[in-house]
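> Attaching a predicted model along with its sequence, questions to come.
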Amino acid sequence: MEKVVIIGTGCAGLTAALYTARANLAPLVFAGAMPGGLLTTTSIVENFPGFPEGIDGYELMTRLQKQAERFGARVQFGTVEAVDVKSQPFKLTVDGEPLEAETIIIASGAGHRHLGLESEDKLERKGVTYCATCDGAFPMFRNQPLVVVGGGDSACEEATYLTRFASVVYLVHRRDSLRASKIMAERTLAHAKIKPVWDSVVTEVLDVKQDKVTGVRLKNLKTEKESTLDCAGVFVAIGHLPNTQLFKGVIDMDENGYIIPKRGSETNVPGVFVAGDCSDHVYRQAITAAGMGCAAAIDAERYLAARNQ
Ligand SMILES: Cc1cc2nc3c(=O)[nH]c(=O)nc-3n(C[C@H](O)[C@H](O)[C@H](O)COP(=O)(O)OP(=O)(O)OC[C@H]3O[C@@H](n4cnc5c(N)ncnc54)[C@H](O)[C@@H]3O)c2cc1C
């Protein structure tokens, strides 16, 4: 039986692996469909402490995995398909194979909702992005018109943040008012650099032929009229999907699927801990995910020590 099984090899999972490995717990870590997690999809990470020149996302995650393995973490390809945490030992199914564990750390992350456009996929990381805090400061976006798609709190936050860099921020929303909280909506709309584009959806990101973002094609849902808007970047802020479907009905989560920790990283099931973006809809950063991974590892270690006294 495994002492610690960690689901996910993003910043949260691998940091939990590092800490539990250094506590001699030889964690078994499953990478799922995205080994290294979301950060491997970005070229340069400029805000992870300790790298004044920035570091390639893939390289950072490779180093973190090596660091955890150095102390005995066992990182494996494999997707956790089912869990049964009704009684100890917990039972998991990984790629069809059964496994038992005393503790589980869920670090399965969250994906971004996409617009669902072919041009969006083709221009991802070439001007299409899903995180203003991560990418907004890139030189390609400075003093340029930018588009934020969405109408909730996240979209408002992204738009406001981008006003530091952009010449103008167009906030494209499918309705004629924002879904965001009243105070956030008022503050956003009062900003001189933010221009709302109401009742509109992006139907195409331009320009795939040039291999970079030069604008968006819009459709007004009320008038059916099409138009184009020049911009250097498109920030999609229409929500996130936590990878937590596996735990529905078993582990407490909010209406959007984010796991709700009880105390520290503890979930409602003793012995099951959570870390990273699958339980964080506020910060969603590499360093916060790593910090939560550290906390989950320490909580798991203390749980095992108390259990095996
Ligand atoms: C393009 C982009 C750029 C970014 N840039 C920055 C940046 O510059 N700075 C910054 O701080 N943050 C950045 N972020 C955000 C950062 O990547 C995330 O906050 C961070 O990766 C969250 O870590 P995590 O470990 O919680 O989840 P993730 O990194 O999403 O990792 C989740 C892991 O869980 C695995 N998994 C999921 N389900 C299963 C399963 N059933 N079985 C096994 N494994 C499973 C996945 O395969 C993956 O390995 C960026 C995000 C994106 C998308």
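Looks like it came in fine. Residues are numbered from 1 along each chain as shown.

> Whichever residue of the stretch 51-200 of the chain sits closest to the ligand: how many residues sit nearby?
Shortest the stretch 51-200 of the chain-to-the ligand distance, computed as Cβ to the nearest ligand atom: residue-wise this is G109, at 2.2 Å. C-beta: built from backbone N, CA, C; applies to glycine. G109: 29 surrounding residues under other Cβ atoms under 10 Å.

> Get me the contact residues on the stretch 51-200 of the chain for the ligand.
Where the stretch 51-200 of the chain comes near the ligand, counting by Cβ under 6 Å from any ligand atom, the residues are 79-80, 107-109, 130-131, 134.

> dump the residue contacts of the residue of the stretch 51-200 of the chain closest to the ligand.
With contacts defined as Cβ atoms under 8 Å, 6 or more residues apart in numbering, G109 is in contact with 8, 10, 12, 34, 37-38, 242-243, 276-278, 289.

> ok, longest helix in the protein?
Ranked by number of residues, the top helix in the chain under DSSP state H is helix 286-307.

> and that one, what does it pack onto?
Helix 286-307 makes packing contacts with strand 2-7, helix 11-22, strand 97-106, strand 272-274 when contacts are defined by 3 or more Cβ pairs under 8 Å, 6 or more residues apart in numbering; DSSP states H and E.

> what about the third one, average pLDDT?
To tie it back to what came earlier, the one meant is strand 97-106. Mean pLDDT, strand 97-106: 98.

> Distance from it to the middle of the chain?
When C-alpha coordinates are averaged (Cα atoms, centre = their mean, to the nearest Å), strand 97-106 and its chain have centres 23 Å apart.

> cool, the shortest one as well?
Going by Cα atoms, centre = their mean, the spacing between the C-alpha centre of strand 272-274 and its chain's C-alpha centre is 18 Å.

> Can you name every helix or strand that it contacts?
Under the contact criterion of 3+ Cβ pairs under 8 Å, 6+ apart, strand 272-274 touches strand 97-106, helix 286-307.

> quick one: contacts for the residue positioned nearest the centre of the chain?
Central residue check for the chain by Cα atoms, centre = their mean: the C-alpha nearest the mean position is that of A110, 4.6 Å away. Taking Cβ under 8 Å, 6+ apart as the definition of contact, the neighbours of A110 are 240-243, 258, 277-278, 281, 284.

> No more questions from me, cheers.
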